[in-house]
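Student: got a predicted structure here, sequence first:
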Amino acid sequence: MTTRRLWWITAALAAVAAIAAIGVASAHDKAGPHKKLFGSRWYQQASGGDYDAYMTLSTSQLWYDCSSDCESRWPNAANAAIDDWNGQDTTVNFDIQPDHDIYYDVNIFIVDAILGDSGLLGIALPYDINEDFCDLDDCTIYYGEVYLGDLGHTGPYGTKAQRTGTTAHEAGHIISLRHESVNGDESVQYPCGQDNTGPIPHSIMSYNCADPVAVGGLGENYVQEWDVCGVNHAYHDPTIGYAGCGGEPVPTPTFTPTKPPTFTPTKPPTATPTPTKVATDIPTPTSPDLPTPTKPADPTPTPGSDEKAIKGLEGCTKNTLPGNDDDSTELVSLPFSANFFGSEYGGVYVNNNGNVTFDAELEQFTPSELGSVGLPIIAPFFADVDTREEASVDLTYGNATFDGRPALCVNWDGVGYYNRKIDKLNEFQLLLVDRSDVAPGDFDIVFNYDQVEWETGDQSGGTDGLGGDSARAGYANGVDVAFEIEGSGVNGALLDSNAAGLTHQSLGSSTEGRYVFAVRGGVPAVPTSTPTPEPTAANTPTPAKTSTPTNTPTATRTPTNTRTPTPELLTGDVSCDGVVNAIDVAYILQLNAGLLGGLPCAAGDVNGDGVVSTLDAALVLQYIAGFLSTLG
Amino acid sequence: MLAGILRGEATMWRFGFVPVLIALALGGLACGDKGTEPQVVTIPARWASASASDLTSLLQSHPVVFVGTVARLRETIDVPVLKGTAGEVQIPTSLFSVLVERPLTGDSRIGEYVSIRQAGGPTKAADGTSLIVTLEGDEILEEGQTYLFFASPSPDGVGLVTSPFARLRVDTSNRLSPLREWSSAGALEQLADLPADRAEKVILRHVTP
């Protein structure tokens, strides 16, 4: 090596240090999101770019140090990743050598577990001229190593596509690409196609873009245009320009993985009721095909009186759920068989947090939309009840007789809120009343409220029982039909302090604080007008009581139908972005190349032959080009 | 030693000694403002974080759960990650002694010290410079700090392993906080900011018998 050559290297190193010091990762100024790059560069490109030549990195054959048969799993996957990079329009080429040699620029090692941690899928190690690990933001790279953990690639990660993705991802690090799924200070993970600046293009350097579809990722285990752009910034060559940077950010598909709900019920029921399907076509509460609501049980309305809504029925306090936070009962048998949204139930789980559920207990304490809890639920007051303090009355329940009919009664008759707060207490009651006299499986849901002073637990964003994620009341089938009493989830709306609060209104009843829903044929009906009391099994009201109420109850709450309609799929729009374009073609082709585990939207079978093939991609292309007027 | 054992001479031959001196000088400049603070080197990593998407999955992949306080860094060992081959390199791995205070699931007892193993840790560069090696998305355990650990036995039998998305700090007010980078993972969202006793109850409810 000549002295002259050494001086060139010296100058180059100094330039790199300067670049790193000022944190400039790219000289190309372009509006919109900027590709995230490490500050380090390979020694060949130490001037920061304009190398005026392709950078060729000699790359060894794969190294194996596995106790298992990893050699059968990795060659195709890892080589596919390198081929993917080499097939891009970038200034960098991984020049795969025919043999193993640690003196090559890039070495890729397959090991069982990286540093004893089977949760590590891969790491990338850049080395400086001292052969020390170096910080990718502050280093001139002289060689790089990639370690891929075989044991970590199991379960949803145990596919060829995921192995390819990890290899491509780590190779991207080696050539200066930074994670895309984190923001500037490398802290918070963002979904694919997003960061703290808003929408960004998809990238193999984003965890969520590459993660398996089965766990909420997009399964995009391939080099994307944005990655090409990044490399061409980091190792700029005027002859190739900034290929890959021309496109606008890829819109994030509408199915961008959502985070799981704050609390997901996962505990299986200790005693599993076996729902029996008795109807396959369940009308929604707003369907015009609803059965005519039968007037619910409310035998002794005394409009305008001081009557409490809560019924002091014998049996309501027979059983106690001792003072607790978030606990539930075992399965409590109903004194009748209930048809709720087409499933027949013989029991419910009584949950401390103001609700009963079918199929499993619910420990969720921060109320969410009732349709989102994933269980059939009936909730007079879904909120963070806390009965651990002595001044808070424990939840009680038991079989009772209501208007001569068997009923399950549950009392929250003076309960506090989390965390052991008793400065405000709520009094409410749930009755599930047998109405098999109308039809087998029919029943009434009755919510009774005498006092609502708090709406939120301290762990749900509230202060002193108010604000935050406030209580919800209503019911849901656990899938797609839900009804919530107006004011649910609205701060202050359900409280006594509000003139339209739960204790001041009614529904399906003339008694203030009472809300009655007749479940007929499995479908709860939302009353829309003041009911006329109907005869009970025990007695018959006088005509005067039913025809001339002394005042008019205000049954004016409007049903809040939270049913989520199923979005219609646009044929060919497999990316779910609302348009059919080249992105969809790319998705279909990648799927057929085995690089994707699935498509964001099941709209790829354009010709209806039952499979998503390259023929479908061709049809989409023809459509985009205007040769076809419609798809599907 | 961090350096690849066999590569050394060859690399020096390839690039000469002058660049080494220059690099050292530049390194000194880069560290000039840091005084004696060790330089932190972060290794880019991809984690199989899917198990943190919900609490049940996290418990299945990390069956040993307990609240414990890091007593001390017992040792840092440079682990050869490519044993017995010419390409053998070594990366620091730390072994911490952790005092179990509240065992929840798995085989641990109150008052017992367990070894928690973590990739990365303090080490020295070839020139003697102190370094702290961390993996991206992780931070080195802190002595004296109490954590809620979700752990699993290390595949090679040396201690327990806990991933960055499988532990939460217990702060002075007894509340839990995950590493910020993983705070949006479903399981950690469930536990974040909960008092430790409440989190324990939530966890125990998700344990599959």
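Tutor: Here it is on my side, so go on.
Student: hey, where'd the helices end up in the chain?
Tutor: Using chain A. In chain order, chain A shows helices spanning A:3-22, A:75-86, A:160-174, A:207-210, A:225-234, A:543-547, A:582-592, A:614-625, with DSSP state H as the criterion.
Student: try again with chain B
Tutor: Counting by DSSP H, chain B has these helices, from start to end: B:7-15, B:18-30, B:55-61, B:186-191, B:196-206.
Student: alpha carbons of the fourth one, as CSV, please.
Tutor: If I follow you right, that is helix B:186-191. What follows is helix B:186-191, C-alpha atoms only, in CSV (Å, rounded to 0.1, in the frame of the first residue of the first chain):
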residue,chain,number,x,y,z
GLY,B,186,-50.2,-5.8,23.9
ALA,B,187,-49.0,-7.6,27.0
LEU,B,188,-47.1,-4.7,28.2
GLU,B,189,-49.9,-2.3,27.6
GLN,B,190,-52.0,-4.5,29.8
LEU,B,191,-49.6,-4.2,32.7
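Student: hmm, that helix touching chain A?
Tutor: Yes. With Cβ under 8 Å from any Cβ of the partner chain as the criterion, chain A is reached by helix B:186-191 at B:186, B:189, B:190. Heads up, the C-betas are built off the backbone N, CA and C, glycines and all.
Student: one step back: dump the helices of chain A to TSV, plus mean pLDDT, distance to chain B and mean neighbour count.
Tutor: TSV is the format used below for the helices of chain A (pLDDT from 0 to 100; distance: least, Cβ to the nearest Cβ, whole Å; neighbours: other Cβ atoms under 10 Å in any protein chain shown):
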stretch	mean pLDDT	distance to chain B	mean neighbour count
helix A:3-22	36	5	15
helix A:75-86	93	12	20
helix A:160-174	95	4	26
helix A:207-210	89	7	25
helix A:225-234	89	14	25
helix A:543-547	29	48	11
helix A:582-592	77	20	21
helix A:614-625	82	29	18
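Student: need the ones you listed in JSON lines with distance to residue A:66, can you?
Tutor: Compiled in JSON lines, the helices of chain A are given as follows (distance: least, Cβ to Cβ, whole Å):
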{"stretch": "helix A:3-22", "distance to residue A:66": "36"}
{"stretch": "helix A:75-86", "distance to residue A:66": "12"}
{"stretch": "helix A:160-174", "distance to residue A:66": "13"}
{"stretch": "helix A:207-210", "distance to residue A:66": "22"}
{"stretch": "helix A:225-234", "distance to residue A:66": "28"}
{"stretch": "helix A:543-547", "distance to residue A:66": "81"}
{"stretch": "helix A:582-592", "distance to residue A:66": "28"}
{"stretch": "helix A:614-625", "distance to residue A:66": "35"}
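Student: any stretches of chain A with poor pLDDT?
Tutor: A:1-33, A:45-53, A:181-189, A:239-240, A:246-307, A:528-569, A:575-577, A:594-600 (pLDDT under 70).
Student: ah, wrong one, I meant chain B
Tutor: Filtered on pLDDT under 70, chain B yields the residue ranges B:1-36, B:79-90, B:208-209.
Student: export stretch A:149-167 to CSV, keeping only CA atoms.
Tutor: Listed next in CSV are the C-alpha coordinates belonging to stretch A:149-167 (Å, rounded to 0.1, in the frame of the first residue of the first chain):
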residue,chain,number,x,y,z
GLY,A,149,-30.9,-17.3,15.4
ASP,A,150,-32.4,-20.5,14.3
LEU,A,151,-34.4,-21.2,17.5
GLY,A,152,-36.1,-17.8,17.4
HIS,A,153,-37.5,-18.7,14.0
THR,A,154,-40.2,-20.9,15.3
GLY,A,155,-44.0,-20.5,15.5
PRO,A,156,-45.1,-17.6,13.4
TYR,A,157,-41.5,-16.8,12.6
GLY,A,158,-40.7,-20.3,11.5
THR,A,159,-41.3,-19.8,7.8
LYS,A,160,-39.0,-19.3,4.9
ALA,A,161,-40.4,-15.9,4.3
GLN,A,162,-39.6,-14.8,7.9
ARG,A,163,-36.1,-16.2,7.6
THR,A,164,-35.7,-14.3,4.4
GLY,A,165,-37.0,-11.2,6.0
THR,A,166,-34.6,-11.4,8.9
THR,A,167,-31.7,-11.9,6.6
